[in-house]
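Student: Okay, predicted coordinates and the sequence, questions at the end:
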Amino acid sequence: MRVILPSLLLLALGSYWIAMASGSGSPLVTHWAYLAITAVPVAFVVARAVRCREQRLVWGALAVGLVLWTAGSVWQVGADSFGVSVASPGAVDVLWLSMYPCALVTFFALGRPWVQRAGGALALDAVTIMLVTASIVTALILPQLLANSGELTGFSQLVFCAYPVADCVLMAVALIGAAVAGRRAGAVWGLLAAGTVALVVGDIFWTTAAANGTWAPVMGSNALYPAWPVAAAIAAWRPLPAPRRAQATFTGVRANSAALVAVIAGLALLVLNEWLSLPAASVCLAALGLLAAVHRTGLALTGSVRASFAAHRDRELVDDVREALDAGELELHFQPLVDVRTGAVHGAEALLRWARMRPDEFLPAVERSELITPLTDWVLDRALAAAACWRADGHDLGVSVNLATANLGEFDLPARVIAALRRHGVPAAALTLEITETAAVEDSRVADEVLAALDAAGIAISIDDFGTGHSSLVRIARFPIREIKVDRSFVLDIHNAKLPIVATSVELAHALGLRIVAEGVEDEPTFALLRALGCDIAQGYHLSRPLAPADFAAWLQAASPAPVRAAEAARTG
Ligand code: C2E
Ligand code: CA
Ligand code: CA
């Protein structure tokens, strides 16, 4: 379909054009071949919408529009071949004009990923192109329409003018689509854009002929119209690859370049006005187009100023954290991890503390900076030192340390972790490194190697905040992970809507042979429910808040052997 359909349609269109160019006045060519080369591709667009479930509604909208548009042509050209004239403006124009909103629905649905990402800027680029092309088109048609040698009524002038203007709207959106999609997905958008260009040119001839009084239902310039359904049919049957993440950066740049071309054209038109005395409406449209471009530039400027302010704030914050680290102002607190079945303390998660702000307020900036490497080393060192102390006091506990996504890109991370374990005499099995789901699914060879080396050293990898990211089960399953931590948002809501998520996570973890930890356990009913679900480890305020090292040691002493009872006793007493 991908090769045969375009070849056949282009061959048919080419043959029709050659027959028209050879001056054949036979109704077989001017009427029937015209209708055939219009209706057949439309049938393929309809077939695309009916036969393929993927993007059915997207192409369905265009199919509806094209069927109505073709019905208009069949009505008028068919009637003309029998010598009957169809009034225009009239019902036939309703059929033709219905195509525009339908095609716009398709265009917007196809461009939805970009519209969501860069909606405002893209819209302004499209408006710029729309206004400038409309100014060029009106510069071509308005002089004839105003001279009105065809003696059109005011209403007829309006209807005939509506076509090229609506074409400009369609073409501007398609051009932005083609510019943003680039070469990879360009065929679909490129075809749609080419089709709309044919519409614009065809309608300029149509309207000027009407204004000059030379209009006829069937004219040579009508030969341009079938290019639109042919392009639409080929586009409809081509695959449209999903935009890649890396493409996001180019989205704005490419669309902006297309708008820049429009700006140059608009400026040229305004300069030409000095000599050609263009219609006032065209000059206004070109000026409005330039205004839209100025507004777009203003938006881009504000965006980049805001980004540079944010980067500056981030740098200052990172500097403050670096100073705090050097000055010994950072601390580690420990939050117990409790075995749900036995109530015994299994270990603790090390959580960073700074008196000035919460970890999730300063860590994102640090994680984007190079400070994350020494900071992670410091956390590891402190956490393992604490674990060594607990173990020296006779508590066989493990410790969990959070890693940032960036840490997985460090080749020497396994060596540094192993050195820290040796330094403190803690066995590798007592250390768990928590990575987020997003870090886990990031497709990176270095991360794969780092995780494999940590696993080979006997260190457990845990997937933190499980359920909040977009991890693929296939990828998670092939990772060397030993633990899943279901996100606290699900556990906090376990008595309402989130029970199935927690229950499924427990089953999934056990089916994969993994340990499952529930964080955010704030009360006894939640703890009991987790026990009933078969969850392995619990963490949360119900058991204990994160504690300073000395408090944790005291809690440990009081909690042995059953922390749940001890936590209850601590609260009541
Ligand atoms: P996380 O890894 O999901 O850590 C658990 C968070 O849940 C901690 O917040 C903890 O205080 C909180 N929490 C524990 N039990 C409960 C509970 O029952 N209810 C509720 N509502 N919350 C509970 P915290 O300490 O503010 O840490 C926030 C995040 O900062 C952590 O989320 C982790 O992503 C990050 N973080 C903390 N320490 C480090 C670190 O040393 N290195 C790195 N890279 N990230 C860290
Ligand atoms: Ca964590
Ligand atoms: Ca978590």
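Tutor: Structure received. Numbers count the residues shown, from 1 in each chain. Ligands and ions are numbered 1, 2, ... in the order given.
Student: which residues of the stretch 51-200 of the chain fall in strands?
Tutor: For the stretch 51-200 of the chain, strands defined by DSSP state E, counting those that start in this stretch do not occur.
Student: Can you list the buried residues in stretch 43-52?
Tutor: Residues of stretch 43-52 classed as buried by neighbour count (16 or more other CB atoms under 10 Å): Phe44, Val45, Val46, Ala47, Arg48, Ala49. Using the backbone N, CA and C atoms, a C-beta is placed for each residue, glycine as well.
Student: Alpha carbons of that stretch, as PDB, please.
Tutor: Coordinates of each C-alpha in stretch 43-52 appear next as PDB, following Å, rounded to 0.1, in the frame of the first residue of the first chain:
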ATOM      1  CA  ALA A  43     -12.200   6.900  -1.300                       C
ATOM      2  CA  PHE A  44      -8.700   5.900  -0.100                       C
ATOM      3  CA  VAL A  45      -8.800   8.400   2.800                       C
ATOM      4  CA  VAL A  46     -12.300   7.000   3.800                       C
ATOM      5  CA  ALA A  47     -10.800   3.500   3.600                       C
ATOM      6  CA  ARG A  48      -7.900   4.500   5.800                       C
ATOM      7  CA  ALA A  49     -10.400   5.800   8.500                       C
ATOM      8  CA  VAL A  50     -12.700   2.700   8.200                       C
ATOM      9  CA  ARG A  51     -10.100   0.000   7.900                       C
ATOM     10  CA  CYS A  52      -7.300   1.000  10.400                       C
END
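Student: pLDDT on that stretch, on average?
Tutor: Per-residue pLDDT over stretch 43-52 has a mean of 94.
Student: same question, stretch 493-501
Tutor: Throughout stretch 493-501, pLDDT has a mean value of 88.
Student: quick check, it touching ligand 1?
Tutor: No. Judged by CB under 6 Å from any ligand atom, stretch 493-501 stays clear of ligand 1, getting no closer than 11.2 Å.
Student: what about that stretch, how long is it end to end?
Tutor: Using CA to CA, to the nearest Å, one end of stretch 493-501 lies 10 Å from the other.
Student: Can you list the neighbours in contact with it?
Tutor: Gly467, Val486, Ser489, Phe490, Val491, Leu492, Val502, Pro525, Thr526, Leu529, Leu530 (CB atoms under 8 Å, 6 or more residues apart in numbering).
Student: The fifth one belongs to a helix?
Tutor: Right, the one you point to is Val491. Yes. Under DSSP: H, G, I helix; E, B strand; the rest coil, Val491 falls within a helix.
Student: Quick check: it touching Phe527?
Tutor: No. With contact taken as CB atoms under 8 Å, Val491 and Phe527 are classed as non-touching, separated by 10.0 Å.
Student: which neighbours do these two share?
Tutor: Val521.
Student: Comparing these two, which residue is more hemmed in?
Tutor: Counted by other CB atoms under 10 Å, Val491 and Phe527 do not tie: Val491 has more neighbours, with 26 against 22.
Student: Tell me who's in contact with that one.
Tutor: Residues in contact with Val491, defined by CB under 8 Å, 6+ apart, are Lys498, Val502, Ala518, Glu519, Gly520, Val521, Thr526, Leu530, Gly540.
Student: Which members of the residues you listed occur in helices, if any?
Tutor: Val502, Thr526, Leu530 (DSSP state H).
Student: between those residues, which is nearest Arg2?
Tutor: Arg2 has its nearest neighbour among the ones in helices among the contacts of Val491 in Val502, at 45.9 Å by CB to CB.
Student: any idea how this protein splits into domains?
Tutor: Domain ranges of the chain: 4-304, 332-572, per automatic domain parsing.
Student: Nearest to ligand 3 among the ones you listed would be which one?
Tutor: domain 332-572 (4.4 Å; CB to the ion).
Student: Not counting sequence-adjacent ones, nearest residue to Cys52?
Tutor: If the residues on either side of it in the chain are set aside, Cys52 comes closest to Trp59, at 7.9 Å by CB to CB, 6 or more residues apart in numbering.
Student: Wait, that neighbour touches Arg51, no?
Tutor: No. Trp59 is beyond contact range of Arg51, at 10.1 Å (criterion: CB under 8 Å).
Student: how close does the residue of the chain found nearest ligand 1 get to Leu332?
Tutor: In the chain, no residue comes nearer to ligand 1 than Gly540, which is 3.1 Å away by CB to the nearest ligand atom. Counting by CB to CB, to the nearest Å, the gap from Gly540 to Leu332 is 19 Å.
Student: swap in Thr196?
Tutor: 62 Å.
Student: Which of the two has more residues huddled nearby?
Tutor: Thr196 (26 against 22).
Student: Do I have it right that that one meets Ala174?
Tutor: Yes. At 4.8 Å, Thr196 and Ala174 qualify as touching, with contact defined as CB under 8 Å.
Student: hey, what's in contact with both of those two?
Tutor: Counting by CB under 8 Å, 6+ apart, Thr196 and Ala174 have no shared contacts at all.
Student: Show the residue spans covered by the strands in this structure.
Tutor: 330-339, 345-354, 398-402, 431-436, 460-466, 483-486, 515-519, 537-539 (DSSP state E).
Student: Need those strands in TSV (columns: distance to Val188).
Tutor: Output for the strands of the chain, formatted as TSV (distance: least, CB to CB, whole Å):
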stretch	distance to Val188
strand 330-339	52
strand 345-354	49
strand 398-402	44
strand 431-436	35
strand 460-466	37
strand 483-486	40
strand 515-519	45
strand 537-539	49
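Student: Please render those as TSV that adds distance to ligand 2 and mean pLDDT to the earlier fields.
Tutor: Formatted as TSV, the strands of the chain follow (distance: least, CB to the ion, whole Å; pLDDT from 0 to 100):
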stretch	distance to ligand 2	mean pLDDT
strand 330-339	9	97
strand 345-354	6	97
strand 398-402	5	98
strand 431-436	4	95
strand 460-466	4	93
strand 483-486	6	94
strand 515-519	7	97
strand 537-539	9	98
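Student: Tell me which of those strands lies nearest to Asp167.
Tutor: With respect to Asp167, and counting by CB to CB, the nearest of the strands of the chain is strand 431-436 at 49.2 Å.
Student: quick one, what contacts Ser257?
Tutor: By CB under 8 Å, 6+ apart, the neighbours of Ser257 are Ala179.
Student: Now find how far off-centre the lengthiest helix in the chain is within its chain.
Tutor: With secondary structure taken from DSSP H, the chain has its longest helix at helix 280-326. Centroid displacement of helix 280-326 relative to its chain, using CA atoms, centre = their mean, to the nearest Å, is 21 Å.
Student: which secondary structure elements does that helix contact?
Tutor: helix 112-147, helix 247-276, helix 359-367, helix 372-392 (3 or more CB pairs under 8 Å, 6 or more residues apart in numbering; DSSP states H and E).
Student: can you redo those helices as a markdown table with mean pLDDT and distance to ligand 3?
Tutor: Output for the helices and strands packed on helix 280-326, formatted as a markdown table (pLDDT from 0 to 100; distance: least, CB to the ion, whole Å):
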| stretch | mean pLDDT | distance to ligand 3 |
| --- | --- | --- |
| helix 112-147 | 86 | 28 |
| helix 247-276 | 79 | 27 |
| helix 359-367 | 96 | 11 |
| helix 372-392 | 97 | 15 |
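Student: Return the residues in contact with the residue nearest to Cys52.
Tutor: Taking CB under 8 Å, 6+ apart as the test, what Trp59 contacts is Val45, Arg48, Ala49, Cys52, Thr106, Ala236.
Student: Most proximal residue of the stretch 51-200 of the chain with respect to ligand 2?
Tutor: Arg117 (29.8 Å).
Student: For Val379, see how far away that residue is.
Tutor: To Val379, Arg117 is 35 Å away according to CB to CB.
Student: Give me the mean pLDDT for stretch 154-169.
Tutor: 93.
Student: Show me what counts as buried in that stretch.
Tutor: The neighbour-count criterion (16+ other CB under 10 Å) identifies 156-157, 159-169 as the buried residues of stretch 154-169.
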